[in-house]
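Chemist: model this:
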Amino acid sequence: MRPEKRIRFKSRRLICAVAGLACIFASVLPIGAHAILLEAMPAKNATVIGPSLWVELRFNCRIDGKRSRLTLVLPTQVLHPLAIQQQVFPDKLDAQDKGFEPGSYRLRWQVLASDGHITRGEIPFVIK
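Modeler: Sure thing, here's the model as predicted:
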(Lines give C-alpha, C1' and ligand atoms only; values in the text may rest on other atoms or scores of the structure.)
Protein backbone atom coordinates (compact mmCIF):
# COMPACT_ATOMS: atom_id res chain seq x y z
CA MET A 1 0.00 0.00 0.00
CA ARG A 2 1.29 3.44 -0.89
CA PRO A 3 2.18 5.76 2.00
CA GLU A 4 -0.44 8.38 1.00
CA LYS A 5 -3.19 5.70 0.89
CA ARG A 6 -2.07 4.42 4.29
CA ILE A 7 -2.34 7.95 5.73
CA ARG A 8 -5.84 8.40 4.24
CA PHE A 9 -6.92 5.03 5.64
CA LYS A 10 -5.61 5.91 9.13
CA SER A 11 -7.26 9.34 8.93
CA ARG A 12 -10.62 7.77 8.09
CA ARG A 13 -10.30 5.34 10.99
CA LEU A 14 -9.45 8.19 13.35
CA ILE A 15 -12.40 10.28 12.13
CA CYS A 16 -14.77 7.32 12.56
CA ALA A 17 -13.44 6.63 16.06
CA VAL A 18 -13.85 10.28 17.10
CA ALA A 19 -17.37 10.41 15.63
CA GLY A 20 -18.30 7.21 17.47
CA LEU A 21 -17.02 8.58 20.77
CA ALA A 22 -18.90 11.84 20.21
CA CYS A 23 -22.13 9.88 19.70
CA ILE A 24 -21.55 7.89 22.88
CA PHE A 25 -20.85 10.99 24.98
CA ALA A 26 -23.78 12.87 23.45
CA SER A 27 -26.16 10.12 24.54
CA VAL A 28 -24.79 10.09 28.10
CA LEU A 29 -24.34 13.79 28.81
CA PRO A 30 -27.32 16.18 28.98
CA ILE A 31 -25.82 18.62 26.47
CA GLY A 32 -28.49 20.74 24.82
CA ALA A 33 -31.34 18.89 26.47
CA HIS A 34 -34.77 20.50 26.51
CA ALA A 35 -36.69 21.07 29.72
CA ILE A 36 -38.72 18.00 30.64
CA LEU A 37 -41.68 18.30 32.99
CA LEU A 38 -41.09 15.91 35.90
CA GLU A 39 -43.96 16.81 38.23
CA ALA A 40 -47.12 18.88 37.90
CA MET A 41 -49.78 20.08 40.26
CA PRO A 42 -52.49 19.81 39.17
CA ALA A 43 -51.54 16.53 37.56
CA LYS A 44 -52.75 15.50 34.12
CA ASN A 45 -56.51 14.72 34.21
CA ALA A 46 -56.69 15.52 37.96
CA THR A 47 -59.73 16.93 39.71
CA VAL A 48 -59.07 19.85 42.06
CA ILE A 49 -61.36 21.71 44.45
CA GLY A 50 -61.95 25.34 43.48
CA PRO A 51 -62.48 28.20 43.36
CA SER A 52 -58.76 28.68 44.16
CA LEU A 53 -56.02 27.10 42.07
CA TRP A 54 -52.40 26.43 42.98
CA VAL A 55 -50.02 25.51 40.13
CA GLU A 56 -46.62 23.95 40.70
CA LEU A 57 -44.39 22.60 37.90
CA ARG A 58 -40.99 20.96 38.38
CA PHE A 59 -38.56 20.37 35.51
CA ASN A 60 -35.34 18.43 34.96
CA CYS A 61 -33.23 21.59 34.65
CA ARG A 62 -33.00 25.26 35.55
CA ILE A 63 -35.89 27.36 34.18
CA ASP A 64 -35.89 31.08 33.45
CA GLY A 65 -39.07 32.12 35.28
CA LYS A 66 -39.05 35.65 33.89
CA ARG A 67 -39.18 34.40 30.29
CA SER A 68 -41.59 31.54 30.93
CA ARG A 69 -45.40 31.63 30.65
CA LEU A 70 -48.35 29.88 32.32
CA THR A 71 -51.82 30.27 30.80
CA LEU A 72 -55.14 28.68 31.69
CA VAL A 73 -57.57 27.79 28.94
CA LEU A 74 -60.94 28.30 30.63
CA PRO A 75 -64.00 26.13 29.87
CA THR A 76 -65.18 28.98 27.61
CA GLN A 77 -61.87 28.70 25.65
CA VAL A 78 -60.81 32.15 26.92
CA LEU A 79 -57.09 32.39 27.75
CA HIS A 80 -56.29 33.46 31.32
CA PRO A 81 -52.59 34.24 31.99
CA LEU A 82 -51.22 33.24 35.41
CA ALA A 83 -48.60 35.34 37.18
CA ILE A 84 -45.52 33.23 37.95
CA GLN A 85 -44.34 33.77 41.50
CA GLN A 86 -40.75 34.58 42.44
CA GLN A 87 -38.73 31.39 41.97
CA VAL A 88 -37.52 29.75 45.18
CA PHE A 89 -36.03 26.77 43.35
CA PRO A 90 -34.44 27.17 39.88
CA ASP A 91 -36.22 24.10 38.45
CA LYS A 92 -39.75 25.02 39.63
CA LEU A 93 -42.51 27.41 38.62
CA ASP A 94 -45.37 28.30 40.95
CA ALA A 95 -48.55 30.33 40.44
CA GLN A 96 -51.85 30.78 42.19
CA ASP A 97 -55.13 32.44 41.38
CA LYS A 98 -58.74 32.30 42.52
CA GLY A 99 -62.29 32.75 41.33
CA PHE A 100 -62.56 29.74 38.99
CA GLU A 101 -65.90 28.14 38.22
CA PRO A 102 -66.30 24.34 38.01
CA GLY A 103 -65.40 22.91 34.61
CA SER A 104 -62.68 21.49 32.37
CA TYR A 105 -59.47 23.51 32.15
CA ARG A 106 -56.11 23.21 30.44
CA LEU A 107 -52.87 24.59 31.80
CA ARG A 108 -50.55 25.66 28.97
CA TRP A 109 -46.93 26.13 29.92
CA GLN A 110 -44.01 27.50 27.98
CA VAL A 111 -40.58 27.56 29.61
CA LEU A 112 -37.14 28.75 28.66
CA ALA A 113 -34.53 26.26 29.88
CA SER A 114 -30.98 27.11 30.87
CA ASP A 115 -29.76 25.68 27.56
CA GLY A 116 -31.72 28.36 25.66
CA HIS A 117 -34.43 26.05 24.30
CA ILE A 118 -38.14 26.77 24.66
CA THR A 119 -40.39 23.86 25.61
CA ARG A 120 -44.20 23.86 25.66
CA GLY A 121 -46.87 21.58 27.01
CA GLU A 122 -50.47 21.35 28.16
CA ILE A 123 -52.09 19.72 31.19
CA PRO A 124 -55.85 19.07 31.17
CA PHE A 125 -57.65 19.01 34.54
CA VAL A 126 -61.04 19.65 36.11
CA ILE A 127 -62.06 22.12 38.81
CA LYS A 128 -65.01 21.08 41.03
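
Chemist: So residue 111 sits against residue 118, correct?
Modeler: Yes. With contact taken as Cβ atoms under 8 Å, residue 111 and residue 118 are classed as touching, separated by 7.1 Å. Every C-beta, even on glycine, is put in place using the N, C-alpha and C of the backbone.

Chemist: which of the two has more neighbours?
Modeler: Under the criterion of other Cβ atoms under 10 Å, the comparison of residue 111 against residue 118 puts residue 111 first, with 24 against 14.

Chemist: Secondary structure element holding the more buried one?
Modeler: For residue 111, the enclosing helix or strand under DSSP states H and E is strand 103-112.

Chemist: For the residue most central in space within the chain, which non-adjacent residue is spatially closest?
Modeler: The geometric centre of the chain, computed from its C-alpha atoms, lies nearest to residue 35 (Cα atoms, centre = their mean), at 3.1 Å. Distances taken as Cβ to Cβ, 6 or more residues apart in numbering place residue 113 nearest to residue 35, at 3.9 Å, with adjacent residues excluded.

Chemist: how close does the one you found sit to residue 106?
Modeler: Applying Cβ to Cβ, to the nearest Å, one obtains 22 Å for the distance of residue 113 from residue 106.

Chemist: Of these two, which one has the most company?
Modeler: More crowded of residue 113 and residue 106, by other Cβ under 10 Å: residue 113, with 21 against 15.

Chemist: Just list whatever residues bridge to that one.
Modeler: In this structure, residue 113 has the following beta-bridge partners (DSSP bridges): residue 63.

Chemist: Hmm, it is touching residue 68, no?
Modeler: No. Taking Cβ under 8 Å as the definition, residue 113 is not a contact partner of residue 68, at 9.3 Å.
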